[in-house]
Structure formats: C-alpha cells, structure tokens
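*Asks:* What would the 3D arrangement of this be:
(one chain, ligands or ions: 1)
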Amino acid sequence: MLVVDILRKKGGEVVAVPPEATVQDAAKVLSAHRIGAVLVRDAGGAVLGILSERDIVKALAHQGEAALAESVTEWMTRNVVTCEPGDAIASVMETMTRRRIRHLPVTEGGELIGVVSIGDVVKHRIDETLAEVEAMTDYLRS
Ligand code: AMP
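*Replies:* Here you go, the predicted structure:
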C-alpha cells in the first residue's frame with residue numbers, strides 16, 4: 001500500500017500560513033481545521049517550514065503568553081522531511097517513528113500534493129485490517 005492510496009481517499013488539501021503569521025494565527029488555523037500541523041509557505045508557494053502543535057507548546061513553555069505574538073518563523077522547523085506518492089506506507093510509518101514526527105508533506109516532482117499525518121496512517125491500517133478480517137470470515141463461511 002502506498003502514500004497515493006491515502007491521498008486518493010483524503011484528498012490533497014495542504015493547510016498553510018504565510019511567514020508573517022503569528023503563533024496565535026497558526027493556533028487558530030490548527031483549531032479551525034482540526035489538524036496538528038501547518039506548513040509555512042511564502043507568497044510564491046515555497047515551503048519555508050512546518051509548525052506543529054508541539055512547537056506551539058514549546059513556545060508557550062519558553063515565553064509564556066508573549067509567544068503568541070511571535071512570528072511562526074521563530075518556532076517552525078525549517079528542514080522539512082517529505083515523502084512521495086509512490087512511497088510505501090510502511091516506510092512512512094518507519095520515518096515518522098524514527099524521526100518522532102507525525103506529519104509528512106507529500107511532494108511529486110518538487111510540487112506539494114498533500115500531507116499525510118500519523119492519524120491518516122493509523123486509519124488506513126485499521127481499514128486494511130478490517131478488510132482482511134472480512135475477507136477471512138467470508139472465506140471460512142464459504
Ligand atoms: P509533530 O510530531 O508532527 O507534531 O512534530 C514534532 C516536531 O517535529 C515539531 O518540532 C515539528 O515542527 C517537527 N516536524 C513535524 N513534521 C515534520 C516534518 N515533516 N519535517 C520536519 N520536521 C517536522
């Protein structure tokens with residue numbers, strides 16, 4: 001099973017904020033979209049970094065309330081790890097576990113075509129397991 005199988009089901013929406021956004025702006029976007037990370041992209045669409053809820057917790061722990069007015073660029077991770085649509089979901093799981101990250105933007109030919117989260121991967125595994133159980137049950141009944 002491949003990353004593209006997940007994207008086919010969930011679509012290719014990429015939620016992003018501009019580098020001028022504050023940490024509070026990003027928190028509002030995360031809350032409105034019920035997601036855990038946003039990409040930071042410039043006006044031309046180039047990816048400058050990724051900011052997750054974990055970065056916001058870290059900012060608040062360090063600076064308190066004042067962190068909310070700081071730029072997302074102060075707290076984002078600049079070196080963004082990505083995957084490709086043809087990557088196996090097992091390899092995405094391995095990358096997320098090894099690097100301790102829960103979000104992987106998907107790129108194709110250098111272009112951003114979606115984001116896969118650990119939640120998407122777990123959902124996909126559950127769906128796969130349920131389908132296997134159903135197939136085995138049908139087989140045993142036949
Ligand atoms: P997460 O587990 O995704 O909430 O993120 C944990 C930390 O890893 C945060 O500091 C994020 O900015 C960073 N992070 C999340 N996803 C990525 C990614 N794809 N590439 C690089 N860093 C990431």
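
*Asks:* Quick check: residues of this structure near the ligand?
*Replies:* 36-37, 50-55, 77, 80-81, 101-104 (Cβ under 6 Å from any ligand atom). For every residue, glycine as well, the C-beta is placed using N, CA and C.

*Asks:* try it again with 5 Å
*Replies:* 50, 52, 54-55, 77, 80-81, 101-104 (Cβ under 5 Å from any ligand atom).

*Asks:* center of the chain - which residue?
*Replies:* residue 103 (2.9 Å; Cα atoms, centre = their mean).

*Asks:* who touches residue 66 in this structure?
*Replies:* Residue 66 makes contact with no residue, according to Cβ atoms under 8 Å, 6 or more residues apart in numbering.

*Asks:* So what sits opposite the residue nearest to the centre of the chain in the bridge?
*Replies:* Beta-bridge partners for residue 103, by DSSP bridges, are residue 117.

*Asks:* Tell me how many other residues crowd residue 40.
*Replies:* Using other Cβ atoms under 10 Å, residue 40 is surrounded by 25 other residues.

*Asks:* State the phi and psi torsions of residue 12.
*Replies:* The phi/psi pair for residue 12 (degrees, to the nearest 10) reads phi -110, psi 30.

*Asks:* Quick check, it in contact with residue 114.
*Replies:* Yes. Between residue 12 and residue 114 there is a contact under Cβ atoms under 8 Å: 4.0 Å.

*Asks:* one step back: which one (most neighbours) among the residues of the chain next to the ligand?
*Replies:* Neighbour-wise, those (other Cβ under 10 Å) top out at residue 104, 26 neighbours.

*Asks:* For this protein, just list every one of the helices.
*Replies:* 3-10, 23-33, 53-63, 89-99, 118-141 (DSSP state H).

*Asks:* Which of those helices sits closest to residue 73?
*Replies:* helix 23-33 (10.1 Å; Cβ to Cβ).

*Asks:* Need the contact partners of the closest one.
*Replies:* 15, 17, 21, 36-38, 51, 53, 56, 59, 67-72, 74-75.

*Asks:* at 10 Å what do you get?
*Replies:* Applying Cβ atoms under 10 Å, 6 or more residues apart in numbering, the contact partners of helix 23-33 are 13, 15-18, 21-22, 35-38, 40, 51-53, 55-56, 59-60, 63, 65-72, 74-76.
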